[in-house]
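A.B. asks: A predicted structure for the sequence below; I have some questions about it.
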Amino acid sequence: AQSVAQPEDQVNVAEGNPLTVKCTYSVSGNPYLFWYVQYPNRGLQFLLKYITGDNLVKGSYGFEAEFNKSQTSFHLKKPSALVSDSALYFCAVRENAGNNRKLIWGLGTSLAVNP
Amino acid sequence: DGGITQSPKYLFRKEGQNVTLSCEQNLNHDAMYWYRQDPGQGLRLIYYSQIVNDFQKGDIAEGYSVSREKKESFPLTVTSAQKNPTAFYLCASSGEQTPSTDTQYFGPGTRLTVL
């Protein structure tokens, strides 16, 4: 069965330090992977996606993510965290199958960046 | 959030009443989606539509209904049959030519509280 796991409910990091939000997935075939961010009482904002090609994907607000096929992971990273990065982060995956547009979502990771 | 509007932002209803949530997009996207978000449960797909006058049930369609009479609009009705309707409802749309690269973009959400 297809699934996405975000193993950490919450991540705490000091401002200026690097941050990592973890995501692992399970799909058959080649995956298409996405990261979104949600600020309180707001909709989700698209950050970045991996479709094919370079395993390191760069996205909005200085975020990047590394696709690792052998470890079935797609961790979100940022070299230097800002207090304003504090939000809820969601990983999602789409199976590469026909006309499928549905996403499978992780449960989210709450990131807290401390000043 | 740009291009997708949801109204109202907050909605209060008495138990047993049907209520309709609005979702409009001006992105010329073919596909539209409705999700429900509850604390700690991530996003769950209620209904989705890939073309006008067609829609499919998602994972938690019971107690909900939708229509897609226009490309721009995908209203969601929460009926009295929905046992626990209090939640944050998110609408999304997508419209890239290749389903594999298709990215969902979200509206700002409607918080429904049933009293």
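C.D. replies: Nice, thanks for sending it over. Values in this document were obtained by computation on a predicted structure and should not be read as measured data. Numbers count the residues shown, from 1 in each chain, chains lettered A, B, ... in the order given.
A.B. asks: Next, count neighbours for residue B:65.
C.D. replies: Residues within reach of residue B:65, counting by other Cβ atoms under 10 Å in any protein chain shown, total 17. For every residue, glycine as well, the C-beta is placed using N, CA and C.
A.B. asks: counting contacts, what elements does the helix or strand where it lies pack onto?
C.D. replies: According to DSSP states H and E, residue B:65 maps onto strand B:64-66. In terms of contacts (3 or more Cβ pairs under 8 Å, 6 or more residues apart in numbering or on different chains; DSSP states H and E), strand B:64-66 is packed against strand B:43-51, strand B:76-78.
A.B. asks: Tell me how far the residue in chain A that chain B sits nearest to lies from residue B:83.
C.D. replies: Closest residue of chain A to chain B, Cβ to the nearest Cβ: residue A:43 (3.8 Å). Going from residue A:43 to residue B:83 by Cβ to Cβ, to the nearest Å gives 25 Å.
A.B. asks: out of these two, which sits in the busier spot?
C.D. replies: residue A:43 (22 against 7).
A.B. asks: Now do the contacts for the more buried one.
C.D. replies: Taking Cβ atoms under 8 Å, 6 or more residues apart in numbering or on different chains, we find residue A:43 in contact with B:1, B:4, B:6, B:90, B:106, B:107, B:108, B:109.
A.B. asks: Run through the residues of chain A sitting next to chain B.
C.D. replies: A:32, A:34, A:36, A:41-46, A:49, A:51, A:90, A:94, A:96, A:98-103, A:105-108 (Cβ under 8 Å from any Cβ of the partner chain).
A.B. asks: which of the residues you listed are buried?
C.D. replies: A:32, A:34, A:36, A:42-46, A:49, A:51, A:90, A:94, A:96, A:101-103, A:105-108 (16 or more other Cβ atoms under 10 Å in any protein chain shown).
A.B. asks: Just the buried positions in stretch B:37-57, please.
C.D. replies: Counting neighbours by 16+ other Cβ under 10 Å, stretch B:37-57 gives B:37, B:42, B:43, B:45, B:46, B:47, B:48, B:49, B:50, B:55 as buried.
A.B. asks: From the rest of the structure, what touches that stretch?
C.D. replies: Outside stretch B:37-57, the residues that reach it (Cβ under 8 Å, 6+ apart) are A:44, A:90, A:99, A:101-102, A:105-108, B:30-36, B:58-61, B:64, B:66-71, B:74, B:76, B:87-90, B:109.
A.B. asks: Give me the mean pLDDT for it.
C.D. replies: On average, the pLDDT along stretch B:37-57 is 93.
A.B. asks: Any idea how far it is from the middle of the chain?
C.D. replies: 6 Å (Cα atoms, centre = their mean, to the nearest Å).
A.B. asks: End to end on that stretch, go ahead and measure it.
C.D. replies: 17 Å (Cα to Cα, to the nearest Å).
A.B. asks: cool, and stretch B:25-41?
C.D. replies: End to end - Cα to Cα - stretch B:25-41 spans 26 Å.
A.B. asks: Same question for stretch B:59-75.
C.D. replies: First residue to last in stretch B:59-75 (Cα to Cα) measures 18 Å.
A.B. asks: Quick check, central residue of chain B?
C.D. replies: Compute the mean C-alpha point of chain B, and by Cα atoms, centre = their mean the closest residue is residue B:34, 2.6 Å away.
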